[in-house]
Structure formats: C-alpha cells, structure tokens
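**Q** only the shape, not the letters, is given here:
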Ligand code: DGL
C-alpha cells in the first residue's frame, strides 16, 4: 500500500533534474521530495542504452528503499532508455519527462512541424518522435542533439556571445525546416531558454518539459488520491553519488534557491 505522506522520489544523472524539482515545488508546495543526482556517473547523454538502464535501475532502487510514493525520472536520457524497464519493475507510479513534453508540443503546434533538442542519447532513441506521432501521426519531427548545452549551463554560461553562437549553430537546421514548436528535451535547457528563444524567434513556441512534467505529477497524484493533505512542513533531501559540495554549488542555479546540504550515497 503506497503511503500518501511518503515523499516523491526524483532522480537524474546530476543537477539537471533540479529544474523539474523546481517546478514540482512551485505546483505542489506541501509535497516532500527526495532527489538523487547520480553525479558519479554523469553524463548519461553519451552512454549506451544498456548502461543508462543499469544506472537508472540502481537509482530507482536506492529511492525505493526510502519509501517513496511516486518515482519521477527527471532525466530525458533515462526516460528515453529506461522508463519502460522501470515501469515493469516497480509497483509505484513511475513518470518520465518525455510524454509530458510531447503532449504539450502536440497542443502547441499549429503547423505540425515540431523540433526536438536533447542529448545525443535522447535524440538517437527517437522516443520524442514516437511520443509525438503516437498522439498525432500527422506531426513531422525534426531533431537535433545539442551536446554542448549541458556543459555550458553547468559552467554558468547561459548568456552572452558563447551560448548565442552555439545555439544559433545548433538550431539553424531546425529553422530551415520551418518548425513552429520546439521541445526543450533535456533537463538543463530551461536555463538557456532566453538564448534559445532569441535564436529561434517569436514565431516558434518553446515547450519546457520540466514544467509539463510537474503538471503531470500533480494530475497523477490527484487522480491516484496520493496528494499529501496534512499541512506538515514538507521535507527535502538531496542525495548524490559523488562530490556533494559541487552539486550544491551548481545545483542552486537549477533549483532557483539555496538548497540544504546534499548527502553522499553509495550507489
Ligand atoms: N539530465 C540529462 C538529460 O536530461 C542531461 C545530462 C546528461 O547527459 O546526463 O538528458
């Protein structure tokens, strides 16, 4: 029996999933969250599907041992490769970030020409294409891996000439294909939203999968009657598999506020 007072478990390869936590916190201020950043093994975006599945299963197991009521895979690459395996293995609700982003893009597009950007792994997996075309087979999907966006955001290079030049180079092929909607299919990309918006122009609607995922978390908790209703102070815990102080320092920009101490865990 799942306890509605349990925390929501969230994991990512590192700091990126904190953009999803930020949106969950904003929508569901009474919910407790346990976050796991697999900082010892980041990045996932360059790894093989088999390796990402193995890592994702280890992350899920560690969070399950802490009695979570729902698991949010707050990593596009892990959602792309491991969501089905995790859903098969676990008997609590498991949500990823790809379906929510795809749903929002289907609602947003007027021309049916949708761009998707993400890590090399996410783009190679074709999971966004499948999710988009499963909802509307007439949609044409144009994809682009943007591997330099992850280190840029972690370095704090989210404004100025360097990210502008990189964004323009990555996004030019999508613009040539006349997309009208662009899915930010990586947890790091919300930090580059302004640069990306400038590069694609006002005619292209940006879909932030972090925001859409938080909305789906809320709807799922409500539908499953798993919302925490007692007005207790929510608990937040941040677990990492390596270098807690680096995680705290970089993570604050992703979370949008100061975070409590991160704890090292042996994964
Ligand atoms: N969090 C990953 C994602 O959303 C990006 C970072 C990584 O490659 O691990 O795909």
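**A** In hand now; what should we look at? In this text the structure is predicted, and so the values were computed from the model without any measurement.
**Q** from here on, just use CA atoms for contacts and neighbour counts.
**A** Fine.
**Q** next, count neighbours for the residue lying closest to residue 140 once chain neighbours are set aside.
**A** The spatial neighbour of residue 140 that comes closest, neighbours along the chain excluded (C-alpha to C-alpha, 6 or more residues apart in numbering), is residue 113 at 5.0 Å. By the criterion of other C-alpha atoms under 10 Å, residue 113 has 20 neighbours.
**Q** residue 113 contacts residue 143, doesn't it?
**A** No. Under the criterion of C-alpha atoms under 8 Å, residue 113 makes no contact with residue 143, lying 10.9 Å away.
**Q** count of residues packed around residue 154?
**A** The number of residues packed near residue 154 is 17, by other C-alpha under 10 Å.
**Q** buried stuff in the host helix or strand of it?
**A** Following DSSP states H and E, one finds residue 154 within helix 149-155. Going by neighbour count (16 or more other C-alpha atoms under 10 Å), the buried part of helix 149-155 is 149, 150, 152, 153, 154.
**Q** okay, those in a markdown table with distance to the ligand and pLDDT next?
**A** Formatted as a markdown table, the buried residues of helix 149-155 follow (distance: C-alpha to the nearest ligand atom, whole Å; pLDDT from 0 to 100):
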| residue | distance to the ligand | pLDDT |
| --- | --- | --- |
| 149 | 9 | 97 |
| 150 | 6 | 96 |
| 152 | 11 | 97 |
| 153 | 10 | 96 |
| 154 | 10 | 95 |
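**Q** where does residue 143 land in three-state SS?
**A** Put simply, residue 143 is strand when judged by DSSP: H, G, I helix; E, B strand; the rest coil.
**Q** setting aside sequence neighbours, what's the nearest residue to it?
**A** Spatial nearest neighbour of residue 143, excluding adjacent residues (C-alpha to C-alpha, 6+ apart): residue 116 at 4.7 Å.
**Q** for residue 77, same thing?
**A** Per C-alpha to C-alpha, 6+ apart, closest to residue 77 is residue 122, 4.9 Å.
**Q** number of nearby residues for whichever residue of the stretch 151-267 of the chain sits closest to the ligand?
**A** As assessed by C-alpha to the nearest ligand atom, the ligand sits closest to residue 186 within the stretch 151-267 of the chain, at 3.7 Å. For residue 186, the neighbour count with other C-alpha under 10 Å is 30.
**Q** gap between the nearest residue to it once chain neighbours are set aside and residue 150?
**A** Distances taken as C-alpha to C-alpha, 6+ apart put residue 118 closest to residue 186, at 5.0 Å, once the chain neighbours are dropped. The spacing between residue 118 and residue 150, counted by C-alpha to C-alpha, to the nearest Å, is 9 Å.
**Q** can you give me the helices for the stretch 1-150 of the chain?
**A** Assigned by DSSP state H, counting those that start in this stretch, the helices in the stretch 1-150 of the chain fall at 18-27, 49-64, 76-89, 98-108, 120-125, 127-135, 149-155.
**Q** for residue 41, find the nearest of the ones you listed.
**A** Closest to residue 41 of these, according to C-alpha to C-alpha: helix 49-64, at 8.2 Å.
**Q** which neighbouring elements make contact with that closest one?
**A** strand 8-12, strand 33-37, helix 76-89 (3 or more C-alpha pairs under 8 Å, 6 or more residues apart in numbering; DSSP states H and E).
**Q** again, 7 Å this time
**A** Packing contacts for helix 49-64, counted by 3 or more C-alpha pairs under 7 Å, 6 or more residues apart in numbering; DSSP states H and E, involve helix 76-89.
**Q** for the ligand, tell me whether the helix it packs on is touching it.
**A** Yes. Counting by C-alpha under 6 Å from any ligand atom, contacts between helix 76-89 and the ligand involve 76, 77.
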